[in-house]
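**Q** This is a predicted model, with the sequence first.
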Amino acid sequence: MKLGELATRLGAELRGDAELEVTGVKGIEEAGPTEVTFVANPRYTALARKTKAAAVLVEPEFQEISAATLRLKNPYLAFSRALGLFYQPPVYSPGIHPTAVIDPTAEIGNGAHIGAYVVVGPGVRLGAHATLLPHVVLYPGVQAGSNLFAHAHAVVRENCVLGDHVTLENGAIVGSDGFGFAKDEAGHWEKIPQSGPVRLGNRVDVQANACIDRATVGATEIGDGTKVDNLVQVGHGSRVGENTLLCAQTGLAGSSVIGNNVILAGQTGIAGHCSVGDGVILTAQSAVSHDVPPGKVISGSPGFDNRVWLRAVTIFQRLPELLKRLDRVEKKLAAQAEPEGAQDKIGSPE
(Lines give C-alpha, C1' and ligand atoms only; values in the text may rest on other atoms or scores of the structure.)
Protein backbone atom coordinates (compact mmCIF):
# COMPACT_ATOMS: atom_id res chain seq x y z
CA MET A 1 0.00 0.00 0.00
CA LYS A 2 1.25 3.51 -0.81
CA LEU A 3 1.81 5.76 2.20
CA GLY A 4 -0.51 8.35 0.67
CA GLU A 5 -3.34 5.81 0.43
CA LEU A 6 -2.79 4.78 4.05
CA ALA A 7 -2.97 8.42 5.15
CA THR A 8 -6.23 8.89 3.27
CA ARG A 9 -7.81 5.75 4.74
CA LEU A 10 -6.81 6.78 8.26
CA GLY A 11 -7.80 10.44 7.81
CA ALA A 12 -4.26 11.61 8.63
CA GLU A 13 -2.14 14.55 7.44
CA LEU A 14 0.90 13.13 5.65
CA ARG A 15 4.28 14.79 5.89
CA GLY A 16 6.52 12.71 3.69
CA ASP A 17 6.65 10.76 0.43
CA ALA A 18 3.14 9.71 -0.58
CA GLU A 19 4.56 7.16 -3.06
CA LEU A 20 6.50 5.24 -0.42
CA GLU A 21 5.40 1.61 -0.30
CA VAL A 22 4.47 0.23 3.15
CA THR A 23 3.86 -3.43 3.88
CA GLY A 24 2.89 -3.66 7.54
CA VAL A 25 2.76 -2.26 11.06
CA LYS A 26 5.17 -2.85 13.97
CA GLY A 27 6.34 -1.39 17.27
CA ILE A 28 8.64 1.58 17.18
CA GLU A 29 11.81 -0.39 17.98
CA GLU A 30 11.09 -3.27 15.57
CA ALA A 31 9.67 -1.40 12.56
CA GLY A 32 11.76 -1.42 9.37
CA PRO A 33 11.93 0.81 6.29
CA THR A 34 8.67 -0.53 4.80
CA GLU A 35 6.64 -0.53 8.00
CA VAL A 36 4.56 1.96 9.97
CA THR A 37 4.73 2.55 13.73
CA PHE A 38 3.22 5.03 16.21
CA VAL A 39 3.99 7.29 19.18
CA ALA A 40 1.18 7.97 21.66
CA ASN A 41 3.34 8.39 24.78
CA PRO A 42 5.83 11.29 25.10
CA ARG A 43 8.33 8.87 26.67
CA TYR A 44 8.92 7.38 23.23
CA THR A 45 9.72 10.67 21.49
CA ALA A 46 13.46 9.92 21.52
CA LEU A 47 12.84 6.55 19.87
CA ALA A 48 10.84 8.26 17.13
CA ARG A 49 13.92 10.28 16.19
CA LYS A 50 15.94 7.08 15.75
CA THR A 51 13.32 4.72 14.33
CA LYS A 52 13.96 2.94 11.05
CA ALA A 53 10.24 2.90 10.24
CA ALA A 54 8.93 4.26 6.97
CA ALA A 55 6.44 6.47 8.83
CA VAL A 56 5.23 7.23 12.34
CA LEU A 57 1.67 7.90 13.45
CA VAL A 58 1.82 10.94 15.76
CA GLU A 59 -0.34 13.74 17.17
CA PRO A 60 -0.72 16.90 15.02
CA GLU A 61 1.69 19.03 17.09
CA PHE A 62 4.45 16.39 17.21
CA GLN A 63 7.93 17.66 16.36
CA GLU A 64 9.45 17.08 12.93
CA ILE A 65 11.58 13.93 12.60
CA SER A 66 13.52 12.33 9.76
CA ALA A 67 10.87 9.68 9.14
CA ALA A 68 7.60 10.52 7.42
CA THR A 69 4.74 11.31 9.80
CA LEU A 70 1.01 10.67 9.67
CA ARG A 71 -0.56 13.27 11.94
CA LEU A 72 -3.94 12.83 13.61
CA LYS A 73 -5.58 13.23 17.04
CA ASN A 74 -5.48 9.61 18.22
CA PRO A 75 -2.33 7.80 16.99
CA TYR A 76 -3.02 4.69 19.06
CA LEU A 77 -6.49 4.21 17.59
CA ALA A 78 -5.07 4.85 14.12
CA PHE A 79 -2.37 2.25 14.78
CA SER A 80 -5.12 -0.26 15.62
CA ARG A 81 -6.99 0.55 12.42
CA ALA A 82 -3.80 0.33 10.38
CA LEU A 83 -3.23 -3.15 11.79
CA GLY A 84 -6.67 -4.08 10.53
CA LEU A 85 -5.73 -2.95 7.04
CA PHE A 86 -2.65 -5.17 6.88
CA TYR A 87 -3.62 -8.16 9.03
CA GLN A 88 -6.63 -10.20 8.01
CA PRO A 89 -7.83 -12.87 10.47
CA PRO A 90 -9.08 -16.24 9.22
CA VAL A 91 -12.40 -16.23 7.37
CA TYR A 92 -14.95 -18.90 8.31
CA SER A 93 -17.35 -19.76 5.53
CA PRO A 94 -21.01 -20.40 6.32
CA GLY A 95 -21.81 -24.03 6.97
CA ILE A 96 -22.37 -26.65 9.66
CA HIS A 97 -19.74 -29.28 10.39
CA PRO A 98 -21.11 -32.84 10.32
CA THR A 99 -19.96 -33.52 13.88
CA ALA A 100 -21.90 -30.56 15.32
CA VAL A 101 -24.91 -31.45 17.48
CA ILE A 102 -27.78 -29.02 17.01
CA ASP A 103 -31.14 -29.55 18.69
CA PRO A 104 -34.06 -29.51 16.22
CA THR A 105 -35.74 -26.70 18.18
CA ALA A 106 -32.75 -24.37 17.86
CA GLU A 107 -33.05 -21.43 15.47
CA ILE A 108 -29.86 -20.58 13.58
CA GLY A 109 -29.68 -17.29 11.65
CA ASN A 110 -28.42 -16.90 8.10
CA GLY A 111 -24.73 -17.17 7.32
CA ALA A 112 -23.70 -19.12 10.42
CA HIS A 113 -20.47 -21.07 10.68
CA ILE A 114 -20.86 -24.00 13.10
CA GLY A 115 -17.56 -25.81 13.71
CA ALA A 116 -16.64 -29.34 14.69
CA TYR A 117 -18.18 -30.81 17.87
CA VAL A 118 -20.21 -27.70 18.64
CA VAL A 119 -23.28 -28.36 20.79
CA VAL A 120 -26.37 -26.14 20.44
CA GLY A 121 -29.10 -26.97 22.92
CA PRO A 122 -32.89 -26.86 22.79
CA GLY A 123 -34.57 -23.52 22.26
CA VAL A 124 -31.36 -21.67 21.36
CA ARG A 125 -31.82 -18.68 19.07
CA LEU A 126 -28.82 -17.33 17.14
CA GLY A 127 -28.90 -14.17 15.03
CA ALA A 128 -27.36 -13.87 11.60
CA HIS A 129 -23.68 -14.50 10.86
CA ALA A 130 -22.79 -16.37 14.05
CA THR A 131 -19.39 -18.09 14.18
CA LEU A 132 -19.05 -20.98 16.64
CA LEU A 133 -15.63 -22.61 16.53
CA PRO A 134 -14.92 -26.19 17.67
CA HIS A 135 -16.26 -27.42 21.02
CA VAL A 136 -18.38 -24.34 21.75
CA VAL A 137 -21.40 -25.27 23.86
CA LEU A 138 -24.65 -23.29 24.03
CA TYR A 139 -26.97 -24.58 26.77
CA PRO A 140 -30.76 -24.64 26.37
CA GLY A 141 -32.54 -21.34 25.90
CA VAL A 142 -29.52 -19.21 25.00
CA GLN A 143 -30.36 -16.15 22.91
CA ALA A 144 -27.75 -14.24 20.92
CA GLY A 145 -27.97 -11.37 18.46
CA SER A 146 -26.16 -11.04 15.17
CA ASN A 147 -22.44 -11.64 14.63
CA LEU A 148 -21.74 -13.71 17.73
CA PHE A 149 -18.15 -14.96 17.54
CA ALA A 150 -17.36 -17.74 19.99
CA HIS A 151 -13.85 -19.20 19.96
CA ALA A 152 -13.06 -22.82 20.77
CA HIS A 153 -14.29 -24.11 24.15
CA ALA A 154 -16.38 -21.07 25.02
CA VAL A 155 -19.53 -21.99 26.96
CA VAL A 156 -22.81 -20.11 27.40
CA ARG A 157 -25.11 -21.53 30.06
CA GLU A 158 -28.89 -21.88 30.07
CA ASN A 159 -31.14 -18.93 29.24
CA CYS A 160 -28.33 -16.37 29.01
CA VAL A 161 -28.89 -13.45 26.62
CA LEU A 162 -26.17 -11.98 24.39
CA GLY A 163 -26.45 -8.82 22.29
CA ASP A 164 -25.07 -8.10 18.84
CA HIS A 165 -21.37 -8.37 17.98
CA VAL A 166 -20.42 -10.26 21.15
CA THR A 167 -17.02 -12.00 21.14
CA LEU A 168 -16.19 -14.88 23.47
CA GLU A 169 -12.54 -15.90 23.55
CA ASN A 170 -11.25 -19.40 24.25
CA GLY A 171 -12.58 -20.90 27.46
CA ALA A 172 -14.84 -17.95 28.34
CA ILE A 173 -17.72 -19.07 30.56
CA VAL A 174 -20.92 -17.03 30.54
CA GLY A 175 -23.55 -18.02 33.09
CA SER A 176 -21.70 -20.48 35.33
CA ASP A 177 -23.31 -20.94 38.74
CA GLY A 178 -22.75 -18.16 41.23
CA PHE A 179 -20.88 -18.99 44.43
CA GLY A 180 -23.88 -19.25 46.71
CA PHE A 181 -24.14 -21.59 49.72
CA ALA A 182 -26.06 -21.59 53.01
CA LYS A 183 -25.32 -23.67 56.11
CA ASP A 184 -27.92 -26.18 57.22
CA GLU A 185 -28.67 -27.28 60.78
CA ALA A 186 -25.83 -29.80 60.68
CA GLY A 187 -23.30 -27.14 59.67
CA HIS A 188 -23.01 -28.35 56.10
CA TRP A 189 -22.90 -25.97 53.16
CA GLU A 190 -26.03 -26.34 51.03
CA LYS A 191 -25.99 -25.02 47.45
CA ILE A 192 -28.34 -22.12 46.71
CA PRO A 193 -29.96 -22.44 43.27
CA GLN A 194 -28.66 -19.87 40.80
CA SER A 195 -31.79 -19.15 38.82
CA GLY A 196 -30.96 -15.85 37.06
CA PRO A 197 -29.24 -15.60 33.67
CA VAL A 198 -26.36 -13.42 32.46
CA ARG A 199 -27.22 -10.62 30.04
CA LEU A 200 -24.44 -9.24 27.85
CA GLY A 201 -25.03 -6.02 25.88
CA ASN A 202 -23.87 -5.22 22.38
CA ARG A 203 -20.15 -5.24 21.45
CA VAL A 204 -19.12 -6.97 24.66
CA ASP A 205 -15.84 -8.93 24.57
CA VAL A 206 -15.16 -11.66 27.11
CA GLN A 207 -11.53 -12.77 26.98
CA ALA A 208 -9.96 -16.17 27.61
CA ASN A 209 -10.97 -18.10 30.74
CA ALA A 210 -13.03 -15.25 32.17
CA CYS A 211 -16.09 -16.27 34.20
CA ILE A 212 -19.33 -14.32 34.44
CA ASP A 213 -21.59 -16.00 37.01
CA ARG A 214 -25.34 -16.26 36.74
CA ALA A 215 -27.45 -14.65 39.47
CA THR A 216 -29.20 -16.24 42.42
CA VAL A 217 -32.27 -14.20 41.45
CA GLY A 218 -32.58 -11.45 38.86
CA ALA A 219 -29.68 -11.28 36.42
CA THR A 220 -25.99 -10.54 36.09
CA GLU A 221 -25.64 -7.72 33.57
CA ILE A 222 -22.76 -6.39 31.44
CA GLY A 223 -23.43 -3.15 29.54
CA ASP A 224 -22.80 -2.27 25.90
CA GLY A 225 -19.18 -1.96 24.82
CA THR A 226 -17.66 -3.34 28.02
CA LYS A 227 -14.53 -5.50 27.76
CA VAL A 228 -13.77 -8.32 30.20
CA ASP A 229 -10.13 -9.42 30.21
CA ASN A 230 -8.54 -12.85 30.77
CA LEU A 231 -9.22 -14.60 34.08
CA VAL A 232 -11.70 -12.01 35.32
CA GLN A 233 -14.38 -13.14 37.80
CA VAL A 234 -17.75 -11.36 37.78
CA GLY A 235 -19.77 -12.53 40.76
CA HIS A 236 -23.44 -13.42 40.71
CA GLY A 237 -25.95 -10.61 40.46
CA SER A 238 -23.33 -7.98 39.60
CA ARG A 239 -24.11 -5.11 37.24
CA VAL A 240 -21.42 -3.55 35.06
CA GLY A 241 -22.13 -0.41 33.02
CA GLU A 242 -21.20 0.58 29.49
CA ASN A 243 -17.70 0.93 27.99
CA THR A 244 -16.01 -0.29 31.15
CA LEU A 245 -12.72 -2.22 31.25
CA LEU A 246 -12.29 -5.14 33.66
CA CYS A 247 -8.59 -5.98 33.32
CA ALA A 248 -6.86 -9.29 33.94
CA GLN A 249 -7.51 -11.17 37.21
CA THR A 250 -9.97 -8.58 38.48
CA GLY A 251 -12.62 -9.97 40.81
CA LEU A 252 -16.12 -8.62 41.49
CA ALA A 253 -17.87 -10.18 44.47
CA GLY A 254 -21.58 -10.84 44.25
CA SER A 255 -23.98 -7.92 43.69
CA SER A 256 -21.21 -5.46 42.83
CA VAL A 257 -22.41 -2.42 40.87
CA ILE A 258 -19.87 -0.87 38.47
CA GLY A 259 -20.66 2.31 36.52
CA ASN A 260 -19.97 3.44 32.98
CA ASN A 261 -16.46 4.15 31.63
CA VAL A 262 -14.79 2.60 34.67
CA ILE A 263 -11.29 1.09 34.48
CA LEU A 264 -10.48 -1.67 36.95
CA ALA A 265 -6.80 -2.41 36.33
CA GLY A 266 -5.17 -5.82 36.77
CA GLN A 267 -5.82 -7.81 39.96
CA THR A 268 -8.24 -5.29 41.44
CA GLY A 269 -11.03 -6.41 43.74
CA ILE A 270 -14.50 -5.15 44.64
CA ALA A 271 -16.24 -6.42 47.78
CA GLY A 272 -19.84 -7.62 47.59
CA HIS A 273 -22.69 -5.12 47.35
CA CYS A 274 -20.30 -2.18 46.74
CA SER A 275 -20.99 0.50 44.11
CA VAL A 276 -18.28 2.07 41.95
CA GLY A 277 -19.34 5.29 40.21
CA ASP A 278 -18.95 6.35 36.61
CA GLY A 279 -15.42 7.15 35.41
CA VAL A 280 -13.65 5.62 38.42
CA ILE A 281 -10.15 4.18 37.95
CA LEU A 282 -8.74 1.54 40.31
CA THR A 283 -5.02 1.14 39.77
CA ALA A 284 -3.43 -2.33 39.69
CA GLN A 285 -3.85 -4.56 42.75
CA SER A 286 -6.21 -2.14 44.47
CA ALA A 287 -9.23 -3.32 46.41
CA VAL A 288 -12.25 -1.56 47.85
CA SER A 289 -14.82 -2.63 50.43
CA HIS A 290 -16.82 0.60 50.31
CA ASP A 291 -18.74 2.61 47.73
CA VAL A 292 -16.60 4.81 45.45
CA PRO A 293 -18.02 8.14 44.16
CA PRO A 294 -17.83 8.94 40.44
CA GLY A 295 -14.57 10.18 38.96
CA LYS A 296 -12.23 8.99 41.72
CA VAL A 297 -8.80 7.41 41.16
CA ILE A 298 -8.23 4.77 43.84
CA SER A 299 -5.05 2.89 44.81
CA GLY A 300 -3.97 0.45 47.50
CA SER A 301 -5.59 -2.29 49.54
CA PRO A 302 -7.71 -1.19 51.27
CA GLY A 303 -8.10 1.41 48.56
CA PHE A 304 -8.07 5.17 49.05
CA ASP A 305 -7.45 8.33 47.03
CA ASN A 306 -4.57 7.85 44.59
CA ARG A 307 -2.89 11.18 45.44
CA VAL A 308 -2.80 10.32 49.14
CA TRP A 309 -1.65 6.79 48.30
CA LEU A 310 1.29 8.14 46.28
CA ARG A 311 2.42 10.24 49.23
CA ALA A 312 1.94 7.30 51.60
CA VAL A 313 4.03 5.01 49.39
CA THR A 314 6.82 7.59 49.33
CA ILE A 315 6.78 7.71 53.12
CA PHE A 316 6.60 3.93 53.38
CA GLN A 317 9.82 3.60 51.38
CA ARG A 318 11.53 5.95 53.85
CA LEU A 319 10.34 4.16 57.01
CA PRO A 320 13.69 2.40 57.73
CA GLU A 321 15.54 5.72 57.45
CA LEU A 322 12.92 7.52 59.58
CA LEU A 323 13.10 4.77 62.21
CA LYS A 324 16.87 5.22 62.50
CA ARG A 325 16.48 8.98 62.83
CA LEU A 326 13.81 8.53 65.51
CA ASP A 327 16.07 6.11 67.39
CA ARG A 328 18.92 8.65 67.33
CA VAL A 329 16.61 11.43 68.59
CA GLU A 330 15.32 9.25 71.43
CA LYS A 331 18.86 8.35 72.51
CA LYS A 332 19.91 12.02 72.41
CA LEU A 333 16.92 13.08 74.50
CA ALA A 334 17.61 10.30 76.99
CA ALA A 335 21.24 11.39 77.31
CA GLN A 336 20.21 15.01 77.88
CA ALA A 337 17.69 14.03 80.55
CA GLU A 338 20.10 11.76 82.50
CA PRO A 339 22.18 14.46 84.36
CA GLU A 340 19.03 16.18 85.61
CA GLY A 341 17.71 12.91 86.92
CA ALA A 342 21.03 12.09 88.53
CA GLN A 343 21.12 15.54 90.24
CA ASP A 344 17.63 15.04 91.61
CA LYS A 345 18.77 11.74 93.06
CA ILE A 346 21.86 13.34 94.75
CA GLY A 347 19.78 16.14 96.31
CA SER A 348 17.21 13.77 97.70
CA PRO A 349 16.91 13.45 101.54
CA GLU A 350 17.06 9.69 101.08
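**A** Nice, I can see it.
**Q** Report the rounded mean pLDDT for the longest helix along the chain.
**A** Criterion DSSP state H: the longest helix present in the chain is helix 306-346. Averaging pLDDT along helix 306-346 gives 82.
**Q** now stretch 270-280
**A** On average, stretch 270-280 scores 97.
**Q** Likewise for stretch 159-179?
**A** 98.
**Q** Pull out the buried positions in it.
**A** 159-176, 178 (16 or more other Cβ atoms under 10 Å). For the C-beta atoms, the positions are set from N, CA and C on the backbone; glycine is no exception.
**Q** Going along the chain, name the helices of the stretch 51-200 of the chain.
**A** 75-86 (DSSP state H, counting those that start in this stretch).
**Q** What is the neighbour count of Leu20?
**A** Around Leu20 there are 17 other residues, counting by other Cβ atoms under 10 Å.
**Q** Now do the end-to-end distance for stretch 115-129.
**A** One end of stretch 115-129 to the other measures 13 Å (Cα to Cα, to the nearest Å).
**Q** no, scratch that, I was asking about stretch 172-192
**A** For stretch 172-192, the end-to-end distance is 23 Å (Cα to Cα).
**Q** what's the offset of that stretch from the middle of its chain?
**A** 27 Å (Cα atoms, centre = their mean, to the nearest Å).
**Q** Same check on stretch 326-333?
**A** On Cα atoms, centre = their mean, the centre of stretch 326-333 falls 50 Å from that of its chain.
**Q** So this protein: which segments form each domain?
**A** 3-86, 154-302 (automatic domain parsing).
**Q** quick one, which of the ones you listed is nearest to Arg328?
**A** domain 154-302 (30.3 Å; Cβ to Cβ).
**Q** What is the end-to-end distance of the closest one?
**A** End-to-end distance for domain 154-302: 34 Å, by Cα to Cα.
**Q** go on, stretch 259-275?
**A** Termini of stretch 259-275 sit 8 Å apart (Cα to Cα).
**Q** tell me which residues of it are tucked away?
**A** 259-271, 274-275.
**Q** Buried residues, stretch 106-118. List them.
**A** Here stretch 106-118 shows Ala106, Ile108, Gly109, Ala112, His113, Ile114, Gly115, Val118 as buried, counting by 16+ other Cβ under 10 Å.
**Q** Against Gly84, how distant is the closest residue to Gly16 other than its chain neighbours?
**A** Of all residues not flanking Gly16 in the chain, Ala68 sits nearest, at 2.3 Å (Cβ to Cβ, 6 or more residues apart in numbering). The gap separating Ala68 from Gly84 is 21 Å, by Cβ to Cβ, to the nearest Å.
**Q** same thing with Ile65?
**A** Counting by Cβ to Cβ, the gap from Ile65 to Gly84 is 25 Å.
**Q** out of the domains of the chain, nearest to Lys332?
**A** domain 154-302 (34.7 Å).
**Q** Have a look at this structure and report the helix or strand with the lowest mean pLDDT.
**A** helix 306-346 (a mean of 82; mean pLDDT, DSSP states H and E).
**Q** Determine how far it lies from the middle of the whole chain.
**A** Worked out by Cα atoms, centre = their mean, helix 306-346 lies 45 Å from the chain centre.
**Q** what helices or strands is it leaning on?
**A** Packing partners of helix 306-346 (3 or more Cβ pairs under 8 Å, 6 or more residues apart in numbering; DSSP states H and E): strand 297-299.
**Q** So in that sheet, which strands flank the strand it packs on, and in what orientation?
**A** Partners of strand 297-299 in the sheet, by DSSP bridges, are strand 281-282 (parallel), strand 304-305 (antiparallel).
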